[in-house]
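A.B. asks: need coordinates for the following:
(chains A and B)
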There are 2 protein chains.
Amino acid sequence: MERLDRMIRVARGKAKADVVLRNGRVVNVYTGECVETDVAILGDRIVGLGSYRGAKEYDVAGRFVAPGFIDAHIHLESAMVTVPEFARVVVPMGTTSVVSDPHEIANVMGLEGINYMLRSSKYNPLNVFVMVPSCVPSSPLETPGAVLRATDILFFLNQEWVLGLAEMMDYPGLLACDPAILDKVRIAGRRIIDGHAPGLSGKDLCAYIAAGISSDHECVTEEEAREKLRLGMTVMIREGGCARNMEALLPLVTPATAPHCAFCTDDRHPQALISEGHMNGVLRKAVRLGLDPVTAITLCTLNPARHYGLDGLGAVAPGKIADIVVLEDLDGFSVEMVFKNGRLAAQDGALIPGVPGAPRPPEPLRGSINIQWLAREQFEIPASRGRLRAIALVPGQLLTRLELVKPSVLSGRVVADPGRDLLKIAVIERHHASPNIGLGIVRGFGLTRGAIASSVAHDSHNIVAVGTNDADILEAVIKIRKLQGGLTAVVDGKLIASVALPIAGLMSEKSVREVGDELDALIAAARRMGCRLEDPFMMLSFLSLSVIPELKLTDKGLVDVSAQKIVPLFAQERAGGKGARR
Amino acid sequence: MERLDRMIRVARGKAKADVVLRNGRVVNVYTGECVETDVAILGDRIVGLGSYRGAKEYDVAGRFVAPGFIDAHIHLESAMVTVPEFARVVVPMGTTSVVSDPHEIANVMGLEGINYMLRSSKYNPLNVFVMVPSCVPSSPLETPGAVLRATDILFFLNQEWVLGLAEMMDYPGLLACDPAILDKVRIAGRRIIDGHAPGLSGKDLCAYIAAGISSDHECVTEEEAREKLRLGMTVMIREGGCARNMEALLPLVTPATAPHCAFCTDDRHPQALISEGHMNGVLRKAVRLGLDPVTAITLCTLNPARHYGLDGLGAVAPGKIADIVVLEDLDGFSVEMVFKNGRLAAQDGALIPGVPGAPRPPEPLRGSINIQWLAREQFEIPASRGRLRAIALVPGQLLTRLELVKPSVLSGRVVADPGRDLLKIAVIERHHASPNIGLGIVRGFGLTRGAIASSVAHDSHNIVAVGTNDADILEAVIKIRKLQGGLTAVVDGKLIASVALPIAGLMSEKSVREVGDELDALIAAARRMGCRLEDPFMMLSFLSLSVIPELKLTDKGLVDVSAQKIVPLFAQERAGGKGARR
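C.D. replies: Coordinates of the predicted model:
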């Protein structure tokens, strides 16, 4: 019998369902209620709510039956594990779909990287929808591994699982009508284009939206979010790793506005996955902050499904895909069972072994660390007249300040001076073995010895290193090459801790737990080296992001972000300053 | 300069807008507020909210600026005028889009009829979206002018302006897995399929929804609507001509459920258009019944737009099509101006003369009244033994009751007996000049002399006539043929009132006002003929609809609707009855 006939017959109770969840309290995202009823499943679809019998029945009396959770926007690479490993961890937490933007790996490996993510997203009990990265590279002031042009994007837009164009970060380019940016917008056509426009407001925001950008996940204040909402954007409330906006934005969510809000994580690091979970953790926090639990669930089920036009997802209702979470409660969000496409996929915190669609190891990817032969001399900074532009960290934030400092000089070379917390920072181009090395001075890490380095360095993911001496910086970088990507801590020429990230220099082949433990050990090592930051490697990974103010360093040199240009390390006296001082 | 560039520049305030509405209170369907601001328009698009200057400016201070109204479901034929005339009347009332189901004309003229509606929908300042009729004919118990098969439907599904498959009325066929019905559902694929399932509940409703039907406009009780809403349907609250459900259903509309509700009229007759208006009248009533005005507006703007995936419609926000209504107030809903695609289309109740896109007369359509040569004898009913199944009207409702009556007999023929309010009813096949005439007896019209007839007769639109004598019935039918369709009232062989409906026997070429006046005169004539019904012609037009219980008459004969079969006029003693009575 044909599928449609069978659905009708089973829904009508004329034939047995495949699976029935009995007597659960179904979370109804259409009416905001919880209604006690059975849920009948045939194949991968929910076919009926009512009283049903099935070939396989689960008694879920007293438990809540909710739609599978959707993360509306995430860069999976930030979890530092493969997609199957990510799925293995988040599916038992109730996540059944993510809308991913493979922006990090695209910066390293271009089409090959996106294809790798698409390939490794198959066969998992997790829908991995993809938004094609719109801004690779994020700026011309750094050297990425690949450039995505409008025609490259077109290739992906027509693929299965691809929903549209990912966060349009280059809003200055769009507002300036940069032809390359507008081509991408035109090529997206009627597909969804997600936004990324921190602080954009007024007429510039109108222009951004009029051009077709329909969401934003960068709001940090209620006022900012309300303006975006009023203008028709879906506001994605981000509760991520580096950026957490829920507390500030939750007052925005009223019955009137809730249909236009969604939850996303943007980035979820291994330690956060372990300690807080994924969307279950986001829900837990939302309810703790006072949001109605059913509304909260709607923000990570029906609402993202509607934003992305995923008609089959986001609700426990006839005709929908049977992606279902069975919850013990609506405050702790303890997940008892997760059904994916109608099959029990996870129970009591673990994937069911051997379910069809369970993880397989993804195919290997070529090495991505391709650096020139390095010598210590390349890290030397010749001294010059005047003050030096140092990058000053701002604790707890990704932005930095420009600080004019008097450099410490030894034998005509600018050297790190740990006593003044002035460390050397280097960004080494790692994609094309070019001679590009950016050099500078950073304040705020507090290292008293050794060096740390990372091949995770937004957005081009060159190698960034910070250290107290050139020899340890060189060694930390060389160790990353040996690992084919990763994070390292070196003291006196010896590697004292590391995390290998051989997949594009971004992701490990190990488990979330192992990577989390390695990261903890690495951070502990950095602390022993004198570092005072909570997560020095996360901070390090944003020091080359040339679109976040104020002063950054790329492989091309020091970037004045506001001016969007490379500036010399040594500042001449500021123009208009009173009285020259040399 | 390219369009996208211009939009961005104008939105940013770097260039003048084409049109600016200044200082209005913009009805925000995303947040439920009214916010005072300018609205800037470029070409057919809204590009910005804020402070703008334009080549043309309208001061709308103190007025409300709302999205153009959308009727989520309407059969335009019920207005009995052409589409341009309908547009001429409803656009000044604020309606800028309708989702139409050309089901009536499809029953008469099939593909040609649907094409006619599509053609005549062009060049009007009204978006006429089309859902392809799913059930033509509505039942095999009558003779339609055309049959729409799945392949015919496919042809239309791929046309511009066509959104999906219209109300799936044959829910019994769908639930029984009738292959012809399921083919239509399969062919619709991922397109919207609207529903029509009065009273359907429980597992049968689940099956209907699981098959892909996503809306319903037939709910009459809050309970019924709530069940449909819970199962994921969009509930279209109908406030139409024959059927008015708003009062019963409005308690359903809460902040939680509102996003899944919409308003529709289903049918809007000429007199109602004149006396109550269109969606403006629906809004007026909703607010009078206590609904928040902005929520009410959302139900006929954003919500239907989202249901049908019309991303560019339903809101006053950047990037949306500039379909805008300027209202004097949010209780009377007095419409001051209407902008369609960014141009002023109507002001103070009338279309702007000569605006591009103003009505043009639609192309003529072939005659649709094709009946055999009739003789009075064909209306004779030979007397027989036993009681007769009479159709008994139920005042104010479309359903009828079966009444077993003792016929009045003269010279071996059953005759109308106005003294007992037993009139003769005839349905004459009018598409293929076949010899089909259905004959019966009806109670409830109260005519004391003459006959009335109509070529509007749901759903096959054969000619239905009711009269006190065969000669007047014959004459009333012949007059319809002479008019090439319409409504007639005949007394003693003379036409005393009529409405010509030469377009498919359903629509006039005159204005709404003229048709309304003619209808008023016609109904007045019927009153003078003794009729006690409020609108005898509307009642007449539903007496051949073989899907509304209990007893109906088609050209094939008397229909027992529940049994879905033709039954003889004369009832034998009921089976199981105690003691034969002859």
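A.B. asks: just for the stretch 251-400 of chain A, where's the confidence low?
C.D. replies: With pLDDT under 70 as the threshold, the stretch 251-400 of chain A has low-confidence stretches at A:355-362.
A.B. asks: in the stretch 451-582 of chain A, what residue lies closest to chain B?
C.D. replies: A:Gln564 (18.4 Å; C-beta to the nearest C-beta). Where C-beta positions appear, they are placed from N, C-alpha and C, glycine not excepted.
A.B. asks: confidence score at that residue?
C.D. replies: The pLDDT attached to A:Gln564 in the predicted structure is 89.
A.B. asks: can you pull the contacts of it?
C.D. replies: Residues in contact with A:Gln564 (C-beta atoms under 8 Å, 6 or more residues apart in numbering or on different chains) are A:139, A:141, A:172, A:546.
A.B. asks: quick check: phi and psi on A:Ala322?
C.D. replies: Note on A:Ala322: backbone dihedrals following degrees, to the nearest 10 are phi -80, psi 70.
A.B. asks: let me see the contact set for the residue lying closest to it once chain neighbours are set aside.
C.D. replies: Taking C-beta to C-beta, 6 or more residues apart in numbering or on different chains, and ignoring the residues beside it in sequence, A:Ala322 has A:Gly342 as its nearest neighbour in space, at 3.8 Å. Under the criterion of C-beta under 8 Å, 6+ apart, the contact partners of A:Gly342 comprise A:18-19, A:41-46, A:321-322.
A.B. asks: how far away is the residue of the stretch 451-582 of chain A closest to chain B from A:Leu398?
C.D. replies: Relative to A:Leu398, A:Gln564 is positioned 17 Å away (criterion: C-beta to C-beta, to the nearest Å).
A.B. asks: in stretch A:383-391, what counts as buried?
C.D. replies: Of the residues in stretch A:383-391, those buried by neighbour count under the rule 16 or more other C-beta atoms under 10 Å in any protein chain shown are A:383-384, A:387-391.
A.B. asks: A:Pro172 in helix, strand or coil?
C.D. replies: Look at A:Pro172: counting by DSSP: H, G, I helix; E, B strand; the rest coil, its state is helix.
A.B. asks: which one is it nearest to, not counting chain neighbours?
C.D. replies: Using C-beta to C-beta, 6+ apart and skipping the chain neighbours, the partner closest in space to A:Pro172 is A:Gln564 (7.7 Å).
A.B. asks: any idea how far that neighbour lies from A:Ala211?
C.D. replies: From A:Gln564 to A:Ala211 the distance is 20 Å (C-beta to C-beta).
A.B. asks: if we ignore the residues flanking it in sequence, what's nearest the residue of chain A found nearest chain B?
C.D. replies: Using C-beta to the nearest C-beta, the closest approach of chain A to chain B is made by A:Pro255 at 3.0 Å. In this structure, A:Pro255 finds its nearest non-sequential neighbour in B:Pro255, 3.0 Å apart by C-beta to C-beta, 6+ apart.
A.B. asks: repeat that for A:Ala317.
C.D. replies: Per C-beta to C-beta, 6+ apart, closest to A:Ala317 is B:Gly232, 3.5 Å.
A.B. asks: chain B contacts on the stretch 1-150 of chain A?
C.D. replies: A:2, A:4-5, A:7-9, A:11-13, A:28, A:30-33, A:35, A:40, A:45-50 (C-beta under 8 Å from any C-beta of the partner chain).
A.B. asks: are any of those residues buried, and which?
C.D. replies: Judged by neighbour count, with 16+ other C-beta under 10 Å as the criterion, the buried members of the residues of the stretch 1-150 of chain A next to chain B are A:4, A:7-9, A:11-13, A:28, A:30-32, A:40, A:45-50.
A.B. asks: what helix or strand does the residue nearest to A:Gly212 when sequence neighbours are not counted sit in?
C.D. replies: Spatial nearest neighbour of A:Gly212, chain neighbours left out: A:Ile193 (5.2 Å); criterion: C-beta to C-beta, 6+ apart. Taking DSSP states H and E as the definition, one finds A:Ile193 inside strand A:192-195.
A.B. asks: fine by me, we can end here.
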